[in-house]
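Engineer: just coords:
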């Protein structure tokens, strides 16, 4: 059909292939936007609280996780609180001649400050490097007792990875309840607005990909 402005120019109908590619591209863009805005909320998962053998404070984010664990202890959800002992940065600082008591030392002091008696606080062995190590240590300790339930206390953005790692690394070894620190400032609906939240989301997404792939990547020593 001739163009009305220029009779010599003939307009050609768009090919089905072009329409299909446009639809795929538009759909992909919409999906990317949905994932981007929804990933923060997707990362946050929590389980209903029940009474357990122990509350496990995962390393990092002092003092938020320890304060939440003390709160759960005071509410009667478990008679013990378990801490893990991280090898870093203690080993590196020791090589430099700089004393470092360890995160578990400070978490213990926080717990006592929040009303937890010292005899209810236990540091698990062996030392850990990452969250996967913490899951293994907690599962091994749990297996030595009768009650097969622990409450993991972490930060909001870290909850989904903790749940996944428990299912991957401790299948059939008891029940894990994952809870986030209620005072955690992470904003799952607007995670891209602050640098710290954005970095947390990127780290957790990469950690989940690593867990889904079978944990082929390990932290550098």
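Structural biologist: Thanks, I have the structure now. Note that the coordinates shown come from a computational prediction; the quantities given were computed from them, not determined experimentally.
Engineer: Buried residues, stretch 138-152. List them.
Structural biologist: By neighbour count on 16 or more other Cβ atoms under 10 Å, the buried set for stretch 138-152 is 138-139, 141-142, 149-152. (C-beta placed from N, C-alpha, C; glycine too.)
Engineer: Contacts only, for the residue nearest the centre of the chain.
Structural biologist: The residue lying closest to the centre of the chain (Cα atoms, centre = their mean) is residue 158, at 1.5 Å. For residue 158, the contact set (Cβ atoms under 8 Å, 6 or more residues apart in numbering) comprises 58, 60, 131, 180, 200, 204.
Engineer: At which residues are the helices of the chain located?
Structural biologist: Applying DSSP state H to the chain gives helices spanning 16-43, 64-74, 90-95, 103-113, 131-143, 159-169, 195-212.
Engineer: coming back round to it: can you put the buried residues of stretch 138-152 in JSON lines and add distance to residue 70?
Structural biologist: Converted to JSON lines, the buried residues of stretch 138-152 look like this (distance: Cβ to Cβ, whole Å):
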{"residue": "138", "distance to residue 70": "18"}
{"residue": "139", "distance to residue 70": "23"}
{"residue": "141", "distance to residue 70": "20"}
{"residue": "142", "distance to residue 70": "20"}
{"residue": "149", "distance to residue 70": "19"}
{"residue": "150", "distance to residue 70": "16"}
{"residue": "151", "distance to residue 70": "12"}
{"residue": "152", "distance to residue 70": "15"}
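Engineer: quick one: which of those is nearest residue 77?
Structural biologist: residue 151 (6.2 Å; Cβ to Cβ).
Engineer: which residues sit against the longest strand seen in the chain?
Structural biologist: For the chain, the longest strand by residue count, based on DSSP state E, is strand 121-128. The set of residues external to strand 121-128 that reach it, using Cβ under 8 Å, 6+ apart, is 54, 59, 80-87, 104, 108, 111-112, 134, 137-138, 141.
Engineer: List the buried residues for it?
Structural biologist: Buried-residue list, strand 121-128, by 16+ other Cβ under 10 Å: 121, 124, 127-128.
Engineer: between those residues, which is nearest residue 92?
Structural biologist: Comparing the buried residues of strand 121-128 against residue 92 with Cβ to Cβ picks out residue 127 as the nearest, at 13.4 Å.
Engineer: For the closest one, report the pLDDT, please.
Structural biologist: We have a pLDDT of 92 for residue 127.
Engineer: what do you get for residue 146?
Structural biologist: On pLDDT, residue 146 comes in at 75.
Engineer: Not counting its neighbours along the chain, what's nearest it?
Structural biologist: Residue nearest to residue 146 in three dimensions, not counting chain neighbours: residue 53, with 8.0 Å by Cβ to Cβ, 6 or more residues apart in numbering.
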